[in-house]
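> sequence-free structure coming up:
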């Protein structure tokens, strides 16, 4: 869903304008579901995070994003800049002190977050698991919890002032998005061209 916010409408508009003979179907879901759909041949290719090593897929890195702590502005006691980003970062070790709402363990984002936490010797305080980006955003905007997301996932809410971002330091959390294909699926010319537009829009 966070990539869909950045990609879906520009991609649809571009394909409609540049390649009107191509019928494009976009499916939005969490990374775990995307991988399942690629496996079952429902999709030609997908964009997903933190793919497990597997001979079944080809995975090309497409985008690396910084992950922020996301908060309601009135749920953060420190100054927030006019760009919606807190003036001071939070130390990664302090994440364990905050109630977090995250996706469930089946999804790439959660696996990455847990791997990051283990690498610095902390346990994340996950008070709720929701496999829906809009519901996570709603819960955070109501100051019921915090979450961990890339800026692009909440770009509109940050611009509107309903959410704010806090940089995570010592160390910074990052994740990589991949273009994923099933190795045994035939690759059409149309899907290769659409993939090239996906990469161009991300750039």
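Nice, I can see it. What you are looking at is a predicted structure, and each value in this text was computed from that prediction instead of being measured. Numbers count the residues shown, from 1 in each chain.

> Could you give me the buried positions within the longest strand seen in the chain?
Taking DSSP state E as the criterion, the chain has its longest strand at strand 57-71. Using 16 or more other CB atoms under 10 Å as the burial criterion, the residues of strand 57-71 that qualify are 57-59, 62-63, 65, 67-71. In this view, the C-beta of every residue, glycine as well, is placed from N, C-alpha and C.

> just stretch 143-163 next, same as before
For stretch 143-163, the buried set under the neighbour-count rule, 16+ other CB under 10 Å, comprises 145-155, 157-158, 162-163.

> residue boundaries of the strands in the chain?
Under DSSP E, the chain gives strands at 46-49, 57-71, 90-91, 100-102, 126-129, 147-150, 164-166, 168-169, 173-182.

> Please tell me how far the closest residue in space to residue 153 that isn't next to it in sequence sits from residue 20.
Nearest non-adjacent residue to residue 153, counting by CB to CB, 6 or more residues apart in numbering: residue 2, 3.3 Å away. Distance, residue 2 to residue 20, by CB to CB, to the nearest Å: 29 Å.

> who has more neighbours, the two?
Using other CB atoms under 10 Å as the criterion, residue 2 and residue 20 rank with residue 2 on top: 22 against 8.

> and for the longest helix seen in the chain, what are the contacting residues?
Determined from DSSP state H, the single longest helix within the chain is helix 2-18. The contact list for helix 2-18 (CB atoms under 8 Å, 6 or more residues apart in numbering) reads 22, 24, 26, 28, 47, 63, 133, 149-150, 152-153, 155-156, 177, 194, 197-198, 201-202.

> about what we covered before: between the buried residues of strand 57-71, which is nearest residue 124?
Distances from those to residue 124 were compared by CB to CB; the smallest belongs to residue 69, at 11.3 Å.

> What is the burial count for residue 124?
Per other CB under 10 Å, the neighbour tally for residue 124 reads 18.

> Who are the contact partners of it?
Contacts of residue 124 by CB under 8 Å, 6+ apart are 95-96, 100, 102, 113-114, 117.

> which other residues reach stretch 178-194?
With CB under 8 Å, 6+ apart, stretch 178-194 has contacts from 11, 15, 19, 22, 24, 34-35, 38-39, 41, 44-49, 51, 55-62, 195, 198-199.
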